[in-house]
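Q: Sharing a model that was predicted from the sequence below.
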Amino acid sequence: MGVSGALVRLAVRHSHLLVIEVPGHWLTRVAVERLAGIRGWRLAVSPADADILAVCGSPGPELALAAVSLWEQLPGPRTRIDVAAPDLVAAALDQADAVLRDTARQRRDSTARDGQGSHDGEDPAASGRDDPAAARHERPATAYGGHPTDWRGACSAVQGDAMGPAAIESAPRGAIALAHGGEDRDGLEMDVLHVRLGPVLPDWPAGLVLRAHLHGDLIVEAQAGVVDAGQGGYASGAHVVGGDTSGEASQDVGEFAAQRCDNAARVLALAGWQDAAGRARAVRDRLLTGEWSVATTELARLRRRVRRSGLLRWSLRRVGPLLPGELARLGLAPELTGDVWDRLNGMLDRAVAAVGGSGSVVVSLPVTPPAAVAGVVSGWDVATARLIVASLDIAALGTVRDG
């Protein structure tokens, strides 16, 4: 028992969380990331990498179904926590810690999963699972075209040029369908693969689902939507914050600047600069916890470090360029003019202006139309498309903010 207990304690200290952010609950997700980091826990990139499934907010029916499917894919020992608000995060993480340490409970969970796994591959009628309602539960129709999809692809992890498990149209449960033939731009036949990115994906906007038609790894056509789009409202088109860092206005300024840092961290992480991404998240956390003096200094230092990086500039230049006319056509903010490099620096500039501005600052926070996201990724490979999406500095995507 002594050895077993020591191994359990060691394993729990290195737990990985797979975070599901309900659209509009980014503050809850940030609180989970911050407090988990204090414990030494890390973020998982896929269900196979996770010990804890953390659902931030109250999901609608589609995202709830995705969470159930992702939960089925977590290996043991495992636990799930549902966190409705930022002030409930600490208690939820304590609960997760206790469940992971409960070896008897984990043993029962493992036995139950082994029993469920024995049915895999059986004929539904022979196993007693031929009920139409059960079948609908296993293969739900989505709000984007009505095609049956498998929510096992809800966490399509794409790292670099490699694509992990993705939800494929009409694929058997848990499988990836074979590509079918299609005509390429030069008239030759090429394999076409239909994949879905999201709604749960590292460094990805909450609730966004991107259906992509791939020629190789090149996106030739895409459609985008938001899960449970009818469950919430839309954010306002503009947000007025004050330069005074006291009272209610300072909270607005802090949240605005923190979200810019959070979005910049996504770009930096996808570009492969994990150290700078971690610094951006640290500044974000300081802004949200009211450490204004330190946060302002570190934010200015981060902006200088990013601008001085010749390698980063070389990597992001000429990636996803957007001209003012195209932005107007897509319904995107004019501040997004330029390429990914320009937009990354714009995020940091807006954060610095918010926390260091004097007087009243009017900040544009338009709702990003999902169709615009689909419009900017066509013609790019999947990894680059993720960078472009992250660079859009999305403040709201058919969602409401944390209440």
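A: Okay, I see it.

Q: Please make it C-alpha for all contacts and neighbour counts, starting now.
A: Noted.

Q: which residues are contacting stretch 276-285?
A: For stretch 276-285, contacts defined as C-alpha atoms under 8 Å, 6 or more residues apart in numbering pick out 30, 34, 257-259, 261-262, 264-269, 295, 298-299, 302, 306.

Q: Apply 7 Å and report the result again.
A: Among residues not part of stretch 276-285, those counted as contacts by C-alpha atoms under 7 Å, 6 or more residues apart in numbering are 34, 258, 261-262, 264-266, 268-269, 295, 298-299.

Q: Can you pick out the most distant pair from those residues?
A: Of all pairs drawn from the contacts of stretch 276-285, the one with the largest separation by C-alpha to C-alpha is 269 and 295; the distance is 19.9 Å.

Q: Of the two, which one has the most company?
A: Between residue 269 and residue 295, counted using other C-alpha atoms under 10 Å, the more crowded position is residue 295 (24 against 19).

Q: What is the subsequent helix or strand relative to the one helix or strand that one maps to?
A: Secondary-structure element containing residue 295, defined by DSSP states H and E: helix 292-308. On the C-terminal side of helix 292-308, the closest following helix or strand by DSSP H and E is helix 310-316.

Q: in that next one, what's buried?
A: Applying a neighbour-count criterion of 16 or more other C-alpha atoms under 10 Å, one finds 312, 316 buried in helix 310-316.

Q: Show me what that helix is packed against.
A: In this structure, helix 310-316 makes packing contacts with helix 340-356, judged by 3 or more C-alpha pairs under 7 Å, 6 or more residues apart in numbering; DSSP states H and E.

Q: at 6 Å instead, please
A: Here helix 310-316 touches no other helix or strand, going by 3 or more C-alpha pairs under 6 Å, 6 or more residues apart in numbering; DSSP states H and E.

Q: And the contacts of that helix?
A: Residues outside helix 310-316 that contact it (C-alpha atoms under 6 Å, 6 or more residues apart in numbering) are 340-341.

Q: from now on call the first residue 53
A: In the new numbering, first residue 53, that becomes helix 362-368.

Q: which parts of the helix or strand following that helix are buried?
A: Tracing the chain C-terminally past helix 362-368 and defining elements by DSSP H and E, one meets helix 376-382 next. Across helix 376-382, burial judged by 16+ other C-alpha under 10 Å covers 378-379, 382.

Q: The residues you listed into CSV, with extra columns for pLDDT and distance to residue 66?
A: CSV is the format used below for these (pLDDT from 0 to 100; distance: C-alpha to C-alpha, whole Å):
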residue, pLDDT, distance to residue 66
378, 93, 46
379, 91, 44
382, 90, 43
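
Q: Please produce JSON lines containing the residues you listed, extended by distance to residue 431.
A: As requested, those are arranged in JSON lines below (distance: C-alpha to C-alpha, whole Å):
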{"residue": "378", "distance to residue 431": "15"}
{"residue": "379", "distance to residue 431": "17"}
{"residue": "382", "distance to residue 431": "16"}
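
Q: What lies in contact with the helix holding residue 347?
A: 335, 338-339.

Q: Could you do stretch 375-390 as well?
A: With C-alpha under 6 Å, 6+ apart as the test, stretch 375-390 has contacts from 373-374, 395, 424.

Q: mean confidence score for stretch 150-167?
A: Averaging the model's pLDDT scores along stretch 150-167 yields 85.

Q: Stretch 438-448 now?
A: 92.

Q: could I get that stretch in CSV with only the CA atoms?
A: The C-alpha trace of stretch 438-448 is given here as CSV (Å, rounded to 0.1, in the frame of the first residue of the first chain):
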residue,chain,number,x,y,z
ARG,A,438,-5.2,27.0,-37.4
LEU,A,439,-2.6,29.8,-37.2
ILE,A,440,-4.8,32.1,-39.3
VAL,A,441,-7.9,31.4,-37.2
ALA,A,442,-6.0,32.1,-34.0
SER,A,443,-4.7,35.4,-35.4
LEU,A,444,-8.3,36.7,-35.9
ASP,A,445,-8.3,37.9,-32.3
ILE,A,446,-11.8,36.5,-31.8
ALA,A,447,-13.6,38.2,-28.9
ALA,A,448,-17.0,36.5,-29.5
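
Q: any residues touching that stretch, and which ones?
A: With C-alpha under 6 Å, 6+ apart, stretch 438-448 has contacts from 315, 319, 372, 392, 395, 417, 419.

Q: The closest residue to residue 400 other than its chain neighbours and residue 343, how far apart?
A: Taking C-alpha to C-alpha, 6 or more residues apart in numbering as the measure, residue 400 lies nearest to residue 355, with 6.1 Å between them; neighbours along the chain are not counted. Here the distance between residue 355 and residue 343 works out to 18 Å (C-alpha to C-alpha, to the nearest Å).

Q: who has more neighbours, those two?
A: With neighbours defined as other C-alpha under 10 Å, residue 355 and residue 343 compare such that residue 355 has more, 20 against 13.

Q: Distance check, that one against residue 312.
A: Looking at residue 355 against residue 312, where the rule is C-alpha to C-alpha, the gap reads 12 Å.

Q: Appreciated, that's everything.
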